[in-house]
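# Only the shape, not the letters, is given here:
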């Protein structure tokens, strides 16, 4: 009966089906998972870890593997019907409505070199829509978290992005972006990197999710992420939107023998719009 | 008499005139100055600070001013014949053999935005030669320090850079560099930024002395710093050389109404040589 009287449009946001109290409980779980990831990573940072090279030339450490294993075990124990998609292991329940998307260490090369900007990314999507996002930086004692309808928080304090005044955009705005390697990794889009760095010369490049955290908290005005995988980006849309920012997907391609490759621009809306125009 | 029997060449390094025990004492002083700067900055980070724009459009805060004032007072009290050259105030004893060169906050924009990579730079030069260098990152609990002949230390532990194997340089080496803004600030040398980012796509840009710290400790393989002032670079040559790395000056120009503008490439020797060839 409910469906016949519903005023919800056919394209209704499926997240509205979920009881807000349930979203709150899932957000609490995600925060506990981030606590657990932080514990594993801090222990590895202190006592040491093994470093391996993956087939694609990138680094992986025993700390990445151990963290993802621990998170998977917790999810399978506490939420056995939920799906899991993680950087280091095979998917679990790929058809489930709830999908946890995990990057145990984003910025593994930095972790290996003891650069403290690395972080863990934990996201929960529902029917393909981002519901919860957490980015945790153990070495910086810094965490951002968000849940749909509940807001974005930095170490527990609400984050509210203030948009830039368009008349004050003068090249001094703070843009973070991926390294040029990301723009040429699967196809040569180096021209996009060149265009961004020319138009927005006050830029920073961190090569880890610390760049996302900066755009989410307003420490940077916008981020351009390019040539990355779903686990790199899965937390950031909900984090930036719940903070009052804007997220635009600018790349979504299927690369043979790699999989889905994504790019996004996000942060303060006025600058996001300018960057999207520049890149299209 | 000594000069007639000396085997020292006419271009002898004037630092060899200084008693090593005196260098050790001066290094101890520099470390105490860094402690003091850290105290002032940590207090400002916690309790807040005022932000102003300078004539050149860059930021300065009450914390920059207070830190430099405190360091100047300590130097004038303890070492009254020494010169002082700092970012925020006029020089003291500009003809003195010993010159303290101070940047109370390098990365003031990051400090303002609560990005923890900012740092204090404290250097002592003797007759134009770098004698002591300290870079301190209060928010990262990270300090690098060096004195001529005594080595380089990271939080008290000796740093020894290992050079790269030239046959393994493949574009994955880790280069840190200044933002494009630095390459176009006084003259358009944006082509140099483009050349570096194309040849070395695994790059990072921090816009603060954290980039130097990475090259000094080996967390990055080399740094290209461009379009900066003496207080930005004054500590880094001794820091990298005492760690076993190489430092090459690539820019030293006098810009009207600005002053001396410098650039340097430093870090692991093999990569420094490649970068210098690329830039010349």
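Yep, that arrived. Predicted, not measured: the structure shown is a model, and the values here were computed from it. Numbers count the residues shown, from 1 in each chain, chains lettered A, B, ... in the order given.

# contacts, neighbours, all on C-alpha from now
Noted.

# Just the strands from chain A, written as ranges.
Ranges of strands within chain A are A:51-53, A:59-61, A:83-86, A:98-106, A:119-126, A:129-137, A:142-147, A:151-154, A:157-158, A:175-177, A:203-204, A:222-228, A:246-255, A:259-267, based on DSSP state E.

# Identify whichever of those lies nearest to chain B.
When the strands of chain A are compared by Cα to the nearest Cα, strand A:203-204 sits nearest chain B, at 4.8 Å.

# helices or strands up against the closest one?
Packed against strand A:203-204 by the contact rule (3 or more Cα pairs under 8 Å, 6 or more residues apart in numbering or on different chains; DSSP states H and E) you find strand A:175-177.

# Each with direction, which strands does the strand it packs on pair with?
strand A:203-204 (parallel), strand A:222-228 (parallel) (DSSP bridges).

# so can I have TSV of these showing distance to residue B:85, mean pLDDT and mean neighbour count?
Formatted as TSV, the strands paired with strand A:175-177 follow (distance: least, Cα to Cα, whole Å; pLDDT from 0 to 100; neighbours: other Cα atoms under 10 Å in any protein chain shown):
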stretch	distance to residue B:85	mean pLDDT	mean neighbour count
strand A:203-204	28	98	26
strand A:222-228	36	98	26
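
# For these, give me TSV that also has distance to residue B:149.
What follows is these, written out as TSV (distance: least, Cα to Cα, whole Å):
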stretch	distance to residue B:149
strand A:203-204	35
strand A:222-228	44
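
# Please name whichever of the strands of chain A is nearest to residue B:196.
Nearest of those to residue B:196, taken as Cα to Cα: strand A:203-204 at 15.2 Å.

# who in chain A is up against chain B?
Counting by Cα under 8 Å from any Cα of the partner chain, the positions of chain A adjacent to chain B are A:110, A:113-115, A:140, A:179-181, A:194, A:197-198, A:201-207, A:214, A:218-220.

# just the buried members of those?
A:110, A:114-115, A:179-181, A:194, A:197-198, A:201-207, A:214, A:218-220 (16 or more other Cα atoms under 10 Å in any protein chain shown).

# Grab the nearest non-local neighbour of residue A:177.
Among residues not flanking residue A:177 along the chain, residue A:224 sits closest, at 4.6 Å (Cα to Cα, 6 or more residues apart in numbering or on different chains).

# Looking at strand pairing, list the partners for the one you found.
Beta-bridge pairing for residue A:224 (DSSP bridges): residue A:177, residue A:265.

# what does residue A:135 give?
Counting by DSSP bridges, residue A:135 forms beta bridges with residue A:121, residue A:144.

# From what I see, it and residue A:211 are in contact.
No - at 10.8 Å, residue A:135 does not count as touching residue A:211 under the criterion of Cα atoms under 8 Å.

# and those two? which has more neighbours close in?
The residue with more neighbours, out of residue A:135 and residue A:211, is residue A:135; 28 against 24, by other Cα atoms under 10 Å in any protein chain shown.

# quick one: contacts for that one?
By Cα atoms under 8 Å, 6 or more residues apart in numbering or on different chains, the contact set of residue A:135 is A:119-122, A:143-145, A:209, A:213, A:235.

# how near is it to residue A:146?
Counting by Cα to Cα, to the nearest Å, the separation of residue A:135 from residue A:146 is 9 Å.

# Give the buried residues for the longest helix seen in chain A.
The helix that spans the most residues within chain A, counting by DSSP state H, is helix A:20-47. Neighbour-count burial for helix A:20-47 flags A:23-24, A:26-27, A:29-31, A:33-34, A:36-38, A:40-41, A:44-45 (criterion: 16+ other Cα under 10 Å).

# which residues of the stretch 151-280 of chain A score low on pLDDT?
For the stretch 151-280 of chain A, applying pLDDT under 70 flags no range at all.

# can you give me the helices for it?
In the stretch 151-280 of chain A, the segments counted as helices under DSSP state H, counting those that start in this stretch are A:180-184, A:190-199, A:210-217, A:230-233, A:236-242, A:269-279.

# looking at those helices, which is buried most?
Ranked by mean neighbour count, the helices of the stretch 151-280 of chain A are led by helix A:236-242 with a mean of 29 (mean count of other Cα atoms under 10 Å in any protein chain shown).

# what packs against that one?
For helix A:236-242, the elements it packs on are strand A:129-137, strand A:142-147, strand A:151-154, helix A:210-217, strand A:246-255, strand A:259-267, judged by 3+ Cα pairs under 8 Å, 6+ apart.

# please redo it, this time with the cut-off set to 6 Å
Using 3 or more Cα pairs under 6 Å, 6 or more residues apart in numbering or on different chains; DSSP states H and E, the elements in contact with helix A:236-242 are strand A:151-154.

# How about residues contacting the strand it packs on?
For strand A:151-154, the external contacting residues (Cα atoms under 6 Å, 6 or more residues apart in numbering or on different chains) are A:143-146, A:158-159, A:239, A:242-243.

# Widest-spaced pair of those residues?
It's A:143 and A:242 that sit farthest apart of these, by Cα to Cα, at 15.0 Å.

# The residue lying closest to residue A:42 once chain neighbours are set aside: how many residues sit nearby?
Excluding its sequence neighbours, the residue lying closest to residue A:42 (Cα to Cα, 6+ apart) is residue A:138, at 6.7 Å. Residue A:138 sits with 22 neighbouring residues when counted by other Cα under 10 Å.

# Cheers, nothing more for now.
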